[in-house]
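**Q** Can you look at this prediction? I've put the sequence above it.
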Amino acid sequence: MESRDDMVVKYFSLGLQQREIITMLESVHNIIISPRNLKRILKKNNSYGRRNFSNPNTVAAFIESQLSGSGQMHGYRWMHLKCIQHGLVVTQETVRELLKLLDPTGVDIRKRKRLRRRQYVSKGPNYVWHVDSYDKLKPYGICINGAIDGFSRNIMWLKAGRTSSDPKVIAGYYVRAVKSLGGCPQTVRSDMGTENGTMERIQTALKSFFEMKESQKPAFLYGRSTANQRIESWWCILRKQNVQYWINLFQTLKEEGLFNGTFVDKSLIQFCFMTLIQDELDQVVGEWNSHRIRSSRNSISPTGRPIIMFEAPYLYHCENCLVDIPAAVIENLEQECTFHTNQCDEDMKTLCEELILENNFSCSFSDPYEASQMYIKLKEKVYEIIED
């Protein structure tokens, strides 16, 4: 269990300001400390203030390392948050200037006009969860599914898996989120796909049995995927900040004749890249949930950090709409779900591991380049076996 000081340092490393750290400690952990005490804890852990700026060369080297991967999709605000969360002390202006020097083409590409969108209203966190699957990497065997809280825009889950069509897998993502919170939302909003059937049945049953006061809001809402505004707009952000990099990488493999869309090729992509992609998705979620959403001229939605809006809705004169669910009930629901422990088909995973040992391959999937090299080596060996 984390100590109070560890929690303070963790929230500081996420880029939260001191008043926001105090709010999170009180709202999430029932810990009340004064601003003076907080400053003392930060100072004791060498985290007091952000005035001792990091060496510009160190910052530039970090940004350059990020630009070699999916970090090339980030704007200066997102990159600044990434620097802060990696322990660097730097201003947004410095990051902006460094990006102009290190990635002038990317800066130019990101300059675009905004679209005007319809208004969105939500009563508080856990009032509506918006759930959807993102299929841009599905042709390569990587199926992404996610959920976002409509009020706070806090990401509830973002998972890369072997399938987004199995209702029990999607229900597993939902049940794990419910388990972590100890309750379910008032409503889940999703598209008409059959993959959402198990999640719908569970959500409907939970709300009908455990809701303390009658609500006019249905437990589950179906609609066109394009009309699921919150999650659809966030997919655009995910593509800009991360997924476009992977689309480009896999498209290059395809153009070079190294990917043909077969079961074998997709399984090899899953074996070599799934864990790396999930790690990046987890990082994107952490960065998004702790970043500051700016006010928009035509929007009536609250602004601030998603994690603060989700955990401390009283600051926005709203309330948490969570429907409390007994832990024993949630444990039983997990039996209705499927949780994949392997990143790819089990037989293919076993074969790949044997080939790595037999051929003494350096088994490293720490970055996209190494994962690509492993994919090419394994593909050659697997097809040799198939042809024999």
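**A** It's in.
**Q** So which elements touch the helix ranked longest in the chain?
**A** When every helix of the chain is counted residue by residue (DSSP state H), the longest turns out to be helix 263-290. Packing contacts for helix 263-290, counted by 3 or more Cβ pairs under 8 Å, 6 or more residues apart in numbering; DSSP states H and E, involve helix 76-85, strand 155-161, helix 244-255, helix 306-311, helix 346-358, helix 368-387. Backbone N, C-alpha and C define where each C-beta goes, glycine included.
**Q** for these, which one sits closest to Ile21?
**A** Shortest separation from Ile21 across the helices and strands packed on helix 263-290 is recorded for helix 306-311, at 10.0 Å, computed as Cβ to Cβ.
**Q** hmm, who's touching that closest one?
**A** Outside of helix 306-311, the residues that reach it under the criterion Cβ atoms under 8 Å, 6 or more residues apart in numbering are 14, 16, 20, 23-24, 27-28, 125, 149, 151-155, 288-291, 293, 302, 315-316.
**Q** Narrow those residues to those in strands?
**A** 149, 155 (DSSP state E).
**Q** returning to what we had before: let's have the helices and strands packed on helix 263-290 in TSV, adding mean neighbour count and mean pLDDT.
**A** Putting the helices and strands packed on helix 263-290 into TSV (neighbours: other Cβ atoms under 10 Å; pLDDT from 0 to 100) gives the following:
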stretch	mean neighbour count	mean pLDDT
helix 76-85	21	85
strand 155-161	22	98
helix 244-255	16	97
helix 306-311	22	96
helix 346-358	14	95
helix 368-387	16	94
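**Q** Need the ones you listed in a markdown table (columns: distance to Asn228).
**A** Formatted as a markdown table, the entries for the helices and strands packed on helix 263-290 read as follows, by distance: least, Cβ to Cβ, whole Å:
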| stretch | distance to Asn228 |
| --- | --- |
| helix 76-85 | 23 |
| strand 155-161 | 14 |
| helix 244-255 | 21 |
| helix 306-311 | 18 |
| helix 346-358 | 33 |
| helix 368-387 | 30 |
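**Q** Lys213: which of these is closest?
**A** Short answer: helix 306-311, nearest of those by Cβ to Cβ, at 21.4 Å.
**Q** Alpha carbons only: can I get the closest one in PDB?
**A** Output of helix 306-311 as PDB, limited to C-alpha atoms (Å, rounded to 0.1, in the frame of the first residue of the first chain):
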ATOM      1  CA  PRO A 306     -10.000  14.400 -16.400                       C
ATOM      2  CA  ILE A 307      -8.600  12.700 -13.300                       C
ATOM      3  CA  ILE A 308      -9.600  15.600 -11.100                       C
ATOM      4  CA  MET A 309     -13.100  16.000 -12.700                       C
ATOM      5  CA  PHE A 310     -13.700  12.200 -12.300                       C
ATOM      6  CA  GLU A 311     -12.500  12.000  -8.600                       C
END
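**Q** Name the next helix or strand downstream of it, please.
**A** Remark: after helix 306-311, the chain's next helix or strand is strand 323-324, criterion DSSP states H and E.
**Q** Can you list the strands that that following strand pairs with?
**A** When sheet partners are counted by DSSP bridges, strand 323-324 sits next to strand 183-184 (antiparallel).
**Q** Which strands and helices lie in contact with the helix or strand following the strand it pairs with?
**A** Moving toward the C-terminus from strand 183-184, the next helix or strand (DSSP H and E) is strand 187-190. Applying 3+ Cβ pairs under 8 Å, 6+ apart, one finds that strand 187-190 makes contact with strand 128-134, helix 197-210, strand 220-222.
**Q** Kindly recompute the last result at 10 Å.
**A** For strand 187-190, the elements it packs on are strand 128-134, strand 143-149, helix 167-181, helix 197-210, strand 220-222, helix 229-238, judged by 3 or more Cβ pairs under 10 Å, 6 or more residues apart in numbering; DSSP states H and E.
**Q** how about those, which one is nearest Ala328?
**A** Comparing the helices and strands packed on strand 187-190 against Ala328 with Cβ to Cβ, the closest turns out to be helix 167-181 (11.3 Å).
**Q** between the closest one and strand 128-134, how many degrees?
**A** For helix 167-181 against strand 128-134, the angle between stretch directions is 140 degrees (axes from the mean of the first three to the mean of the last three Cα atoms, to 10 degrees).
**Q** could you dump stretch 55-66 to PDB, C-alpha only?
**A** Presented in PDB, the C-alpha positions along stretch 55-66 are these (Å, rounded to 0.1, in the frame of the first residue of the first chain):
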ATOM      1  CA  ASN A  55      19.500  20.900 -18.900                       C
ATOM      2  CA  PRO A  56      18.100  21.900 -22.300                       C
ATOM      3  CA  ASN A  57      20.300  19.300 -24.000                       C
ATOM      4  CA  THR A  58      18.800  16.600 -21.700                       C
ATOM      5  CA  VAL A  59      15.300  17.800 -22.700                       C
ATOM      6  CA  ALA A  60      16.200  17.900 -26.400                       C
ATOM      7  CA  ALA A  61      17.600  14.400 -26.200                       C
ATOM      8  CA  PHE A  62      14.400  13.100 -24.600                       C
ATOM      9  CA  ILE A  63      12.200  14.800 -27.100                       C
ATOM     10  CA  GLU A  64      14.400  13.400 -29.900                       C
ATOM     11  CA  SER A  65      14.000   9.900 -28.600                       C
ATOM     12  CA  GLN A  66      10.300  10.300 -28.500                       C
END
